[in-house]
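>>> Sharing a sequence plus its predicted fold:
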Amino acid sequence: MTTTMPAPVTATEGLTLTDAERHEVEELARVLSGTAPGLVDEHRWREAARALACRLPLRIREEIRRYRHDPGPDGLLVLRNLPMDEAWLPETPATAGSVERQATLPASVMSLISNELGEVVAYRAEKSGALMQNVVPIPGMEESQSNAGSTLLELHVENAFHPYRPDFVGLFCLREDHTGTAGTFVSSIRRAVALLAVDVRRVLEAPRFVTQPPPSFQSGEAPRHPVLAGDPQDPNVQVDFHATTPLDAEAAEALELLRSAFLEVAARLVLRPGELVFLDNRVAVHGRTSFQPRYDGRDRWLHRTFVHLDNRRSTGHRPGGGAVLL
């Protein structure tokens, strides 16, 4: 399977905050960051984040509510002009498994908006179950098909192998790459499905595929699954073009046709500091352009969160009603 991607246009949709709204969000973030014990993963701090999220500016809450009801043709929610200041940041982390445990101002901004969208969750086997994760390039992992790499990252649904994968994935830009060109590829099954013949869709709707988890999640044989499920005219998608394997020749051809359709309708979203995107992980796939890290403390840095709409369905996998899935 080739990994060559075209040069798509830059996505421009989204809500740009006014300066007054930006100030309101910053004030809420300062209150939250100063809330004891100042730890993102701690129960009392998470309760405060949920409560303060209700006080976000009205236009943000309205935009989030619309997005929850219907993620639109691209499955994206983009917010711009959020509080962010280079003076708030230390050097970009450069260690594997990087996370943000402290209630910094950027982590507080991201937590507020993520909690308004739904329930923030994490996975014990991924980055030690941290709720706020850093997406940064790591020395020696340049070719990794992961958030630690800097090579081209294949289109995928986040944690496509997992029965309780995120409903939404949030990416908040703290620092862009040196050239300002590193981007997130995004594509939607809502646009791609119209490019697929009926017989191809039928193959993709059958359990003729397997998606392998990374070694940290390995727990027995991966189950067969369809790539498309639900309403045939508006399906959900479950695929990782690096980790999903077709089980027969016809399924392999259908999978390649799906990938081609995704690339035909793809866009490139280049996030600037203070810009945040949520992807509906049920209808949108995403990847990353390649870029050249310098490991000089000023490399590209994103915060990432995972969000569930229905926390009830994973209760048995979150001990004590916490936010981390085993």
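It's in. Numbering: from 1, shown residues only.
>>> make it CA atoms for all contacts and neighbour counts henceforth
Fine.
>>> Dig out what the nearest residue to Glu13 once chain neighbours are set aside forms beta bridges with.
Using CA to CA, 6 or more residues apart in numbering and skipping residues adjacent in sequence, the residue nearest Glu13 is Val78, 6.8 Å away. In this structure, Val78 bridges to Val277 when assessed by DSSP bridges.
>>> Tell me which helix or strand the nearest residue to Met110 once chain neighbours are set aside sits in.
Using CA to CA, 6+ apart and skipping the chain neighbours, the partner closest in space to Met110 is Phe172 (6.8 Å). For Phe172, the host element (DSSP states H and E) is strand 168-175.
>>> Listing request: residues of the protein with sub-threshold pLDDT.
Applying pLDDT under 70 to the chain flags residues 1-12, 218-220.
>>> Just give me the residue right at the centre of it.
Val169 (2.8 Å; CA atoms, centre = their mean).
>>> which residues pair with that one across the strands?
With DSSP bridges as the rule, Val169 is bridged to Leu279, Phe306.
>>> follow-up on the earlier one: and the strand holding Phe172 with strand 276-280, angle?
On the basis of axes from the mean of the first three to the mean of the last three CA atoms, to 10 degrees, strand 168-175 is oriented at 160 degrees to strand 276-280.
>>> Now do strand 168-175: distance to the chain's middle.
7 Å (CA atoms, centre = their mean, to the nearest Å).
>>> cool, stretch 62-80 as well?
How far stretch 62-80 lies from its chain's middle: 14 Å, per CA atoms, centre = their mean.
>>> residues making contact with it?
Residues outside stretch 62-80 that contact it (CA atoms under 8 Å, 6 or more residues apart in numbering): 13-17, 116-117, 186-188, 190-191, 274-281, 283-284.
>>> Likewise for stretch 313-325?
Taking CA under 8 Å, 6+ apart as the rule, stretch 313-325 contacts 43, 120-124, 129-131, 164, 326.
>>> Name only those of those residues that count as buried.
Burial by neighbour count, 16 or more other CA atoms under 10 Å: within these this picks out 120-124, 129-131.
>>> Next, format those as CSV and append distance to Ala266 and secondary structure.
Listed next are the buried ones among the contacts of stretch 313-325 as CSV, based on distance: CA to CA, whole Å; DSSP: H, G, I helix; E, B strand; the rest coil:
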residue, distance to Ala266, secondary structure
Val120, 27, strand
Val121, 28, strand
Ala122, 27, strand
Tyr123, 28, strand
Arg124, 32, coil
Gly129, 31, helix
Ala130, 30, coil
Leu131, 29, coil
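>>> Would you check which pair of these lies furthest apart?
The two members of those with the most space between them (CA to CA) are Val120 and Arg124, at 13.5 Å.
>>> one step back: show me the contacts for the residue nearest to the centre of the chain.
158, 278-281, 304-307.
>>> quick one: the residue found closest to Gly34 once you drop the neighbours it is linked to in the chain and Glu26, what's the gap?
In this structure, Gly34 finds its nearest non-sequential neighbour in Ala103, 7.7 Å apart by CA to CA, 6+ apart. Between Ala103 and Glu26 the computed distance is 13 Å (CA to CA, to the nearest Å).
>>> Compare the two and say which is more crowded by neighbours.
Taking neighbours as other CA atoms under 10 Å, Ala103 and Glu26 compare with Ala103 leading, 24 against 20.
>>> dump the residue contacts of that one.
Ala103 neighbours (CA under 8 Å, 6+ apart): 32-34, 38-40.
>>> Just give me the neighbour total for the nearest residue to Gly75 once chain neighbours are set aside.
Leaving out its chain neighbours, the residue that sits closest to Gly75 by CA to CA, 6+ apart is Asp280, at 4.9 Å. Other residues near Asp280 come to 27 when the count uses other CA under 10 Å.
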